[in-house]
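Visitor: here are the coordinates; sequence isn't available:
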Ligand SMILES: Cc1ncc(COP(=O)(O)O)c(C=O)c1O
């Protein structure tokens, strides 16, 4: 039997976890048990001041605020570049991954000889929607199945990629199971046949150390909503420097122009740097909102976060086993991302009640409850979460 969870009052003094020094920067954590960072990272206190700064600039400087606002795009991109080990000038900000995928899809032309788009069946649906629509333009999507609903066989991905393949828009970490794909191996095959890897890093950025150069991907993307604690609207796109000038996205806008304020007509003259992948007016407020979370993750360093995450997700798996639930994420640390997914009869209702009681988690159909500790999580909170879950299942109220 696992030890009984401690009463809440003594939780604060029990931990000697060094990363907890950052917890004070997230006062919202005092009012809940927050195990939902795979879906929505906790809001940093600093974000309130940063949003105020954005509004103050608007109020006091009106149109001239743009001289402060516009550089925020490159500043946000530099924060992301640090986290994903990307070279300077290889990252641009966008609103979300769906838009980024549409921009990238608009880079490619399909011919009968080269028209394949390869990705896994466990991909986040929004990405699939974009690439399925490309079939109207001549693409042929090949969706690699999962044998167990949790993992994707690396060899099956490799075998599906051939000289007919244009691009492989794959998830680094599967959203519904936290399974880590072997992006490096798959990328090596893609490179050998002249195909591009587009790595969706939404479920890995901020929780698994990322080195986009070492992985060798042509493109990588993600957002700031989850482990980056940056809220919605601050998506990001990395393009390998040698690939940047190779494409002229059809989904474009005036901020992708070499001189947006020259207002040239009628055709686009693409910027010769990463801004050529930009569209219309950037969502500046989201960049202010995301600043604190991205900065904190960059300062802590993802290696330390990963170590702690593995310890706490192992603890959660021990509880899942103890309670006899079905584990729907990998046991192996090498294959496991930041979340733990588990199921039992009635899990959706229990999840709803946990959220009502401010034990934040989520539920996905077919796989069950997802939880994710982060650098600010106390080990004791994992115990409290499962204790509460047990109470709910046994009918105890609150
Ligand atoms: C792997 C992955 N990709 C993409 C998304 C979201 O895409 P978008 O930024 O377009 O909302 C999510 C979750 O929200 C995700 O988990």
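Guide: All right, it came through fine. For clarity, every value in this text was computed on a predicted model and none was experimentally measured.
Visitor: What are the boundaries of the strands in the protein?
Guide: For the chain, the strands defined by DSSP state E cover 33-34, 91-94, 116-120, 140-144, 165-171, 196-200, 219-222, 235-239, 326-327, 340-343, 359-360, 362-364, 368-371.
Visitor: Looking at those strands, which is nearest to residue 178?
Guide: For residue 178, the closest of the strands of the chain is strand 340-343, at 6.4 Å, according to C-beta to C-beta. C-beta coordinates here come from the backbone N, C-alpha and C atoms, glycine included.
Visitor: need the contact list for residue 298.
Guide: By C-beta atoms under 8 Å, 6 or more residues apart in numbering, the residues touching residue 298 are 79, 82-83.
Visitor: rewinding a little: mean pLDDT, distance to the ligand and mean neighbour count added to the strands of the chain, as CSV?
Guide: Listed next are the strands of the chain as CSV, based on pLDDT from 0 to 100; distance: least, C-beta to the nearest ligand atom, whole Å; neighbours: other C-beta atoms under 10 Å:
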stretch, mean pLDDT, distance to the ligand, mean neighbour count
strand 33-34, 98, 17, 24
strand 91-94, 98, 9, 27
strand 116-120, 98, 11, 24
strand 140-144, 98, 15, 17
strand 165-171, 98, 5, 25
strand 196-200, 98, 5, 25
strand 219-222, 99, 7, 27
strand 235-239, 99, 6, 28
strand 326-327, 98, 20, 15
strand 340-343, 98, 13, 24
strand 359-360, 98, 16, 21
strand 362-364, 97, 10, 18
strand 368-371, 98, 10, 26
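Visitor: In TSV, list these along with distance to residue 159.
Guide: Formatted as TSV, the strands of the chain follow (distance: least, C-beta to C-beta, whole Å):
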stretch	distance to residue 159
strand 33-34	41
strand 91-94	32
strand 116-120	10
strand 140-144	9
strand 165-171	11
strand 196-200	15
strand 219-222	22
strand 235-239	27
strand 326-327	28
strand 340-343	27
strand 359-360	40
strand 362-364	28
strand 368-371	30
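Visitor: Tell me which of those strands lies nearest to residue 60.
Guide: Using C-beta to C-beta as the measure, strand 91-94 is the one of those that comes nearest residue 60, at 24.1 Å.
Visitor: show me what contacts residue 364?
Guide: 175-176, 341, 370.
Visitor: give me the beta-bridge partners of it?
Guide: Taking DSSP bridges as the rule, residue 364 bridges to residue 368.
Visitor: Return the distance of it relative to residue 222.
Guide: Per C-beta to C-beta, to the nearest Å, residue 364 is found 19 Å from residue 222.
Visitor: can you check residue 258 too?
Guide: Counting by C-beta to C-beta, the gap from residue 258 to residue 222 is 27 Å.
Visitor: Tell me how many other residues surround the residue nearest to residue 286 when sequence neighbours are not counted.
Guide: Nearest residue to residue 286 in three dimensions, chain neighbours excluded: residue 233, at 2.8 Å (C-beta to C-beta, 6 or more residues apart in numbering). Neighbour count of residue 233, defined by other C-beta atoms under 10 Å: 20.
Visitor: Let me see the contact set for residue 233.
Guide: 95-96, 224, 283, 285-287, 289-290 are the contacts of residue 233 under C-beta under 8 Å, 6+ apart.
Visitor: ok, now with 6 Å
Guide: By C-beta atoms under 6 Å, 6 or more residues apart in numbering, the contact set of residue 233 is 95, 283, 286.
Visitor: By neighbours, which of those wins?
Guide: residue 286 (25 neighbours).
Visitor: Per-residue pLDDT of it, please?
Guide: Note on residue 286: pLDDT of 98.
Visitor: Equivalent analysis for the one 3 residues further on, please.
Guide: We note a pLDDT of 98 for residue 289 in this prediction.
Visitor: residues contacting it?
Guide: 47, 51, 231.
Visitor: try 8 Å this time
Guide: Going by C-beta under 8 Å, 6+ apart, residue 289 touches 47, 50-51, 54, 230-231, 233-234.
Visitor: residues of the longest helix seen in the chain that come out buried?
Guide: Identified as the longest helix of the chain according to DSSP state H is helix 302-322. Using 16 or more other C-beta atoms under 10 Å as the test for burial, helix 302-322 gives 302, 305-306, 308-309, 312-313, 315-317, 319-320.
Visitor: so which of those residues comes closest to residue 74?
Guide: Distance to residue 74, by C-beta to C-beta, is smallest for residue 302 among the buried residues of helix 302-322, at 21.6 Å.
Visitor: what's the nearest residue to that closest one if we skip its chain neighbours?
Guide: Nearest-residue entry for residue 302: residue 209, 4.7 Å, with adjacent residues in sequence omitted and distances by C-beta to C-beta, 6+ apart.
Visitor: need the contact list for that neighbour.
Guide: Residue 209 sits next to 302-303, 306 when contact means C-beta under 8 Å, 6+ apart.
Visitor: State the distance from the residue nearest to the spatial centre of the chain to the ligand.
Guide: Geometric centre of the chain, nearest residue: residue 202, 1.7 Å, by C-alpha atoms, centre = their mean. According to C-beta to the nearest ligand atom, to the nearest Å, residue 202 stands 4 Å off from the ligand.
Visitor: what does the model give that residue for pLDDT?
Guide: Per the predicted model, pLDDT is 98 at residue 202.
Visitor: do the same with residue 398
Guide: Residue 398 is given a pLDDT of 70.
Visitor: Would you reformat the contacts of residue 233 as TSV and include distance to the ligand?
Guide: Shown next, in TSV, are the contacts of residue 233 (distance: C-beta to the nearest ligand atom, whole Å):
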residue	distance to the ligand
95	8
283	12
286	12
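Visitor: okay, now the domains of this protein?
Guide: For the chain, automatic domain parsing gives the domain ranges 8-17+301-393, 49-298.
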